[in-house]
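Student: Build me a structure from this.
(one chain, ligands or ions: 1)
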Amino acid sequence: MNRLFAHNYNLLKDNDERSKRVGILSGPWVSAGIAALFALLLCAGTPLQAADQNVVNIYSYRQEILIRPLLDRFTEISGIEVKLVSGKADVLLQRLKSEGRNSPADLLLTADAGRLHRALEAGVLQAVHSKILDSLIPAIYREPDGYWYALSLRARPIIYAIDRVNPQDLKDYTGLADEKWYGRICVRSSNSIYNQSHIASLIAHHGIAAAESWAKSLVQNFARKPAGGDRDQIRAVASGECDIALANTYYLARLASSENAQDQAAAAAVAIHWPNQDGIGTHVNVSGAAVTASAKNLANAIKLIEFLAGDEAQEIYAETVYEYPIRDGLAAAPLVASWGEFKADDLNLSLLGKHNAEAVRIADRVGWQ
Ligand SMILES: [Fe+2]
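Tutor: From the prediction side, this is the model:
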């Protein structure tokens, strides 16, 4: 398994080019100045601000408890220390934006292709190229220019009450617009990027008018004003407040594996229906990694993404976070595998970001709060 340690020639080239750019500053007075600066730094005992070969700094939306074992494994086999700042995805993105080029972060770990696109548009990412990443991560799950790479896959299927919904009545997402579901559907707010990305996928497939028509009918079938997160929608289905929810798969797994008996009971009261199996496939999204524009430990950041995309990390990651590995042929957690296989929408996920603004406008127009 030399994936991790195999030198990436593109990367080396990039680093060389960086050195050359730095080398443009030349001439005797510059040399003298640099020498003086070095002397000052040495006298003061101040560490140099140049790239530290043994560190990579991450801003992570993923809780430390979930990702630290993987990062420790990376350190064990690479010798690179991983420093982690955890926080909510939108807060971390805002922090990156305000820190700009001075940010200590080398790598951003965040969720949703829509949010990764937002980071790209904010100018806080840089494109990186790695033959290893290109071979490990399917093209639809990485940004075409190398600005982000997906590391896990999550699906957003229909979750229904076992005792009140006949799965024969369920088929595609479009079926949820039918009046037979009037007052029976729970979905979280359209402020959630998950719903924005779902609408964006419909725009990409069917156009703005069709996406808006669907969203309008869906809202008409809501059981209640959107409130809470995906877990709350599943709980509401279990408690009888609604019969159907749209929610990301890992939330169901978290309820099922919770130590809370009520959450376990909620998970047991619902089942998954995989929509669009005869057509475009179930809507999926990703979590991913992106190298920051400010990265001072560029090579280490890329090595870490390569490690996280490798077979060993993918299986541990999938087992820990209850998402799917990013490519076929790797094991999902047994609970996740028990839901059966499904056909995933193979839309290029960078399109979710491209259509995000239009998706938000649609949600506003149809009154999806
Ligand atoms: Fe989530």
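
Student: what are the ranges of the helices in the stretch 1-150 of the chain?
Tutor: Taking DSSP state H, counting those that start in this stretch to define them, one finds helices in the stretch 1-150 of the chain at 9-23, 28-44, 64-78, 89-99, 113-121, 131-136.

Student: Skipping adjacent residues, who's closest to the most centrally placed residue in the chain in space?
Tutor: Nearest to the centroid of the C-alpha atoms of the chain, with distances taken as CA atoms, centre = their mean, sits residue 287, at 1.8 Å. Once its chain neighbours are removed from consideration, residue 287 has its nearest residue in residue 111; the separation is 4.3 Å (CB to CB, 6 or more residues apart in numbering). For the C-beta atoms, the positions are set from N, CA and C on the backbone; glycine is no exception.

Student: and residue 245, what element?
Tutor: Using DSSP states H and E, residue 245 maps to strand 244-246.

Student: helices and strands around that strand, which ones?
Tutor: strand 158-161, strand 185-186, helix 230-239 (3 or more CB pairs under 8 Å, 6 or more residues apart in numbering; DSSP states H and E).

Student: Mean neighbour count, the ones you listed: which tops it?
Tutor: Highest mean neighbour count of the helices and strands packed on strand 244-246: strand 185-186, a mean of 25 (counted as mean count of other CB atoms under 10 Å).

Student: hmm, back to that, can you list the helices and strands packed on strand 244-246 in a markdown table and add distance to residue 335?
Tutor: Compiled in a markdown table, the helices and strands packed on strand 244-246 are given as follows (distance: least, CB to CB, whole Å):
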| stretch | distance to residue 335 |
| --- | --- |
| strand 158-161 | 14 |
| strand 185-186 | 22 |
| helix 230-239 | 14 |
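
Student: ok, back up a step: contacts for the strand holding residue 245, please.
Tutor: By CB atoms under 8 Å, 6 or more residues apart in numbering, the residues outside strand 244-246 that reach it are 156-161, 165, 170, 176, 181, 184-187, 195, 198, 230, 233-234, 236-237, 270.

Student: same check, this time on stretch 353-362
Tutor: Applying CB under 8 Å, 6+ apart, the set of residues contacting stretch 353-362 from outside is 113-114, 116-118, 120-121, 190, 193, 196-197, 199-201, 203-204, 208, 211-212, 215.

Student: re earlier: thinking the residue nearest to residue 287 is in contact with residue 89, fair?
Tutor: Yes: using CB atoms under 8 Å, residue 111 is in contact with residue 89, at 5.8 Å.

Student: Check what pLDDT residue 359 gets.
Tutor: Reading off the confidence values, residue 359 has pLDDT 98.

Student: What is the three-state secondary structure of the closest residue to it other than its chain neighbours?
Tutor: In space, residue 359 comes closest to residue 199 once its chain neighbours are excluded; the distance is 3.8 Å by CB to CB, 6+ apart. Secondary structure assignment for residue 199 (DSSP: H, G, I helix; E, B strand; the rest coil): helix.

Student: Residue 293: how many residues sit nearby?
Tutor: Residue 293 has 19 neighbours, counted by other CB atoms under 10 Å.

Student: ditto for the one 4 residues further on
Tutor: Number of residues near residue 297 (other CB under 10 Å) recorded here: 23.

Student: mind checking pLDDT for it?
Tutor: In this prediction, residue 297 has a pLDDT value of 98.

Student: And it, how far from residue 146?
Tutor: Separation of residue 297 from residue 146 (CB to CB, to the nearest Å) stands at 17 Å.

Student: Where does the record place the domain boundaries for the chain?
Tutor: As assigned by automatic domain parsing, the chain contains the domains 9-154+286-333, 155-283+340-365.

Student: need the least confident one among the ones you listed, by mean pLDDT.
Tutor: domain 9-154+286-333 (a mean of 83).

Student: Walking through this structure, point out its strands one by one.
Tutor: Listed in chain order, the strands found in the chain under DSSP state E are 55-60, 81-86, 107-111, 149-155, 158-161, 185-186, 244-246, 270-273, 284-291.

Student: export those to CSV and tack on distance to residue 315?
Tutor: Below are these laid out as CSV (distance: least, CB to CB, whole Å):
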stretch, distance to residue 315
strand 55-60, 20
strand 81-86, 19
strand 107-111, 18
strand 149-155, 11
strand 158-161, 25
strand 185-186, 33
strand 244-246, 28
strand 270-273, 22
strand 284-291, 16
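
Student: returning to what we had before: okay, now the residue nearest to residue 287: neighbour count?
Tutor: When neighbours are defined as other CB under 10 Å, residue 111 has 22 of them.
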